[in-house]
Structures are given as C-alpha cells and as structure tokens.
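Q: Need a 3D model of the sequence below.
(one chain, ligands or ions: 2)
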Amino acid sequence: MDARVVVRAPATSANLGPGFDALGLALSLHDVVEAAATFTAASTGGGAAPGSRDGVRRHAEQGAASGARALELSVDVEGVGAEVVPRDEKHLVVRAMRACFDELGVVPTRLELTCRNVLPHGRGLGSSSAAIVAGVVAARALAGADVTGQTALADALALAGRIEGHPDNVAPCLLGGFTIAWTHQDGEARAARLDPHPAIAPVLCVPSTELATATARGLLPDSVPHADAARTAGRAALLVEAVTRRPDLLFEATEDRLHQAYREPAMPESVALMSALRRRGLAAVVSGAGPSILVLSSGDEASVVREVASGWDVRELAVDTAGAVVSGR
Ligand SMILES: Nc1ncnc2c1ncn2[C@@H]1O[C@H](COP(=O)(O)OP(=O)(O)O)[C@@H](O)[C@H]1O
Ligand SMILES: N[C@@H](CCOP(=O)(O)O)C(=O)O
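A: Ligands and ions are numbered 1, 2, ... in the order given. Here you go, the predicted model:
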C-alpha cells in the first residue's frame, strides 16, 4: 500500500532584528521534497479512514504493537548540499519524518525521498527548518493524517519546534507570512500568523561563506544589560506594527541589541554591510543567525542595496504567504 506526496517548503528569515527567537518571515524561495512510503499492514490496517482522528489513534495503537521493522530507505538529493548531506537515517528530512511517524504511531517499511534543494545551507535562511517542516508535513500526509486543520498545524509546529530547538523559523515555514512564535509553558512551540503589509519586499544579501546556527548561538552571552533588553523589547513590539501596517517605521523598528553585535566576530563582513546599509537609511538586519543580511524594503530600495552590497549575491524576493504546501495525495 503505497502513498506518495510532494511538499514545498519556503525559506525563512528569523529575528528580523529585535525579534530574537520570536519573529519570522517566509520568503519566496523553496525546497521541494517528493516522498513515497509503504507502511506495515499492522500500522495502517483495520479499516479506519487514514487521517480521521480515529484512524490516527488506531495507527498509534497498532504501530506500537507491531514492534521495530527494518526500514528500506532511499534518499536522492539534487541541488544545494547534494555532495555533503547524508543519505541515511541522519538526513534531516528523514529524521523529521521518523519522529513524525513515531508520534503518529505508523510504521513505514519503505521510504523513498527525492529532495530538490534550492535554499542555501548555513546562511541564515532557515534551510534546516525547511527540511524539518517538509519532513513533518510529508510524514503526516503519507500517514493519512490531516495537514491543514488547526490541530494538525499545532501538532506539526510543536514537533518541528522540538526538532529545530527554536520556533522562529519553523513557524513561518509552516504557516507562511509573518509570524510571532513563542514557547508555551508546556515547552511546545506556538505561533500567531499575521499578514505583512503588501509593500514589504525582502531583499537578501547572501555571502558565499556558511555559518552554522549552533556556532552563532554559541556566541551569545548568558545575560544582557537591562537597558538593552528593554530597548529591544520595545523595538520588537514596534516591528509588528511596522511589518503589518506602518512600513515607514521599519528602520527604527529593526534596531537590535540582543544578538547581532555579539555575533559580529563570526561574520564581520556581514555586520559591516548591515551598518553601511543602515547608514543609507535602509532597514537592514542579520537574517536569522547570519551571515546573510536582510533588508526589509518597502519601496524602490533594491537599487541602493545593489550599490552598497556590490559583489554580494543580492536576491530580490517576495513574502511567501502559503507556507509549506503539500500536493499529490
Ligand atoms: N534540505 C536539507 N536536507 C538535509 N539537511 C539539511 C537540509 N537543509 C539543511 N540541512 C542541514 O542543516 C544544516 C544547516 O542548518 P543551520 O546551521 O541551522 O543553518 P540554516 O538553517 O540557517 O541554513 C546543513 O548544514 C545541513 O546539515
Ligand atoms: N533565532 C535563531 C534563528 C536562526 O535562524 P537560521 O536561519 O540561521 O537557522 C537564531 O538567531 O539563532
């Protein structure tokens, strides 16, 4: 009994300056994962409609009862990272799918993946979140679980957040648009999705060098001055208004004192570019953990970015409003 799906997951830019680990924007750059799976009869049998709540519960009971079975795994990767990403159980999409199958209680015996990668890795554009979200959504769809309802999205976000470790990329990747993400008191990721102002046009300056998010997180101090925290909290609040209704406030609203300066030693050229862009009045920030620079443009500012960021890979993108999209089941 074969199931086959295609999932498209967007790049994301997290933090947006002052919204460390909270704010994020989905971008019009996508990875695509094609996935096919065969499940044990025990984990899918019994006649309940796959995807119904009853069907998922029955999967959980029967999957758990069936015990571990060897997985026949095939991973094909095209595009970015094809030479370096693992092709086994360590592949991030596979890890996310396995975690989701376990949560749903279904037991795959065969899993076939083709990953068409476009998002650059280790550039602060949420490639790991896109891989995780694509895996979680693909696994839910293959298992016959809902992927679009409120409960399904909440479950997918919680699992993706657990795997990624911070919620601000997985939220916009799953939901699209502009998101405010937080960790609930139960420890799970939650998010509120907002529509960005239609004038917002993200412009990315992408360097050729990578910086692992874990490395950039390691540069952050255990505590920051109260004045910096207070100032940045105010700017983050203002940024919600600026992104959704008042793009004229973007420059002031994107000031950060919580993470960018601490990370400068790992990406001096990026921070220098950000400062040069800000001196020209542009709302430039470090994208995610860097080293890409994001300009939240609200008009015809791309030509200034190209002039200041001469020699950089400058990409004029749009906001992705759809988030992760699944087709073909
Ligand atoms: N499509 C993918 N398939 C497999 N692994 C991926 C994929 N995208 C990202 N990764 C893994 O995530 C790492 C990058 O994650 P990270 O350091 O968080 O940077 P970012 O998410 O900003 O690109 C890559 O080096 C790779 O190990
Ligand atoms: N809030 C995180 C965001 C990391 O984003 P990424 O795209 O660099 O993975 C952080 O700043 O560490």
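Q: Could you list the contact residues of this protein toward ligand 2?
A: Within the chain, the residues that sit near ligand 2 (CB under 6 Å from any ligand atom) are 14-15, 20-21, 124-126, 128, 166, 168-169, 213, 216-217, 259, 288-289. Just so you know, the C-beta spots here come from the backbone N, C-alpha and C atoms, and that holds for glycine as well.
Q: filter the residues you listed to the buried ones?
A: 14-15, 20-21, 124-126, 128, 166, 168-169, 213, 216, 259, 288-289 (16 or more other CB atoms under 10 Å).
Q: check contacts around the residue in the chain positioned nearest to ligand 2.
A: The chain approaches ligand 2 most closely through residue 288 (2.7 Å), counting by CB to the nearest ligand atom. Residues counted as contacts of residue 288 (CB atoms under 8 Å, 6 or more residues apart in numbering) are 12, 13, 14, 15, 124, 125, 126, 169, 213.
Q: Kindly state the beta-bridge partners for the fourth one.
A: Just to be clear, that refers to residue 15. residue 19 (DSSP bridges).
Q: how about the residues of this structure near ligand 1?
A: Counting by CB under 6 Å from any ligand atom, the chain sits next to ligand 1 at 31, 81, 85, 91-93, 115, 117, 121-128, 131, 212-213, 288.
Q: Which of those are buried? Put it as a PyMOL command.
A: Filtering the residues of the chain next to ligand 1 down to the buried ones (16+ other CB under 10 Å) takes a single PyMOL command:
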select buried, resi 31+81+85+91+92+93+115+117+122+123+124+125+126+127+128+131+213+288
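Q: State the paired neighbours of the host helix or strand of residue 191 in the sheet, together with their directions.
A: Under the criterion of DSSP states H and E, residue 191 resides in strand 189-194. Paired strands of strand 189-194, with direction, are strand 178-183 (antiparallel) (DSSP bridges).
Q: Just the buried residues of the strand it pairs with, please?
A: Buried-residue list, strand 178-183, by 16+ other CB under 10 Å: 178, 179, 180, 181.
Q: again, but for stretch 307-318
A: 308, 309, 312, 314, 315, 317.
Q: got it, and stretch 11-27?
A: Quick answer for stretch 11-27 (16+ other CB under 10 Å): 11-27.
Q: how far does the strand holding residue 191 sit from the chain's center?
A: Put simply, strand 189-194 sits 13 Å off its chain's centre (CA atoms, centre = their mean, to the nearest Å).
Q: need the next SSE after it, C-terminal direction.
A: strand 201-206.
Q: Quick one: mean pLDDT for that next one?
A: Here strand 201-206 scores 98 as its mean pLDDT.
Q: What is that strand packed up against?
A: Counting contacts by 3 or more CB pairs under 8 Å, 6 or more residues apart in numbering; DSSP states H and E, strand 201-206 packs against strand 19-39, strand 293-297, helix 302-308, strand 313-316.
Q: now the angle between strand 293-297 and that strand, please.
A: 160 degrees (axes from the mean of the first three to the mean of the last three CA atoms, to 10 degrees).
Q: State the next helix or strand along the chain beyond strand 201-206.
A: Toward the C-terminus from strand 201-206 - assigned by DSSP H and E - lies helix 213-218.
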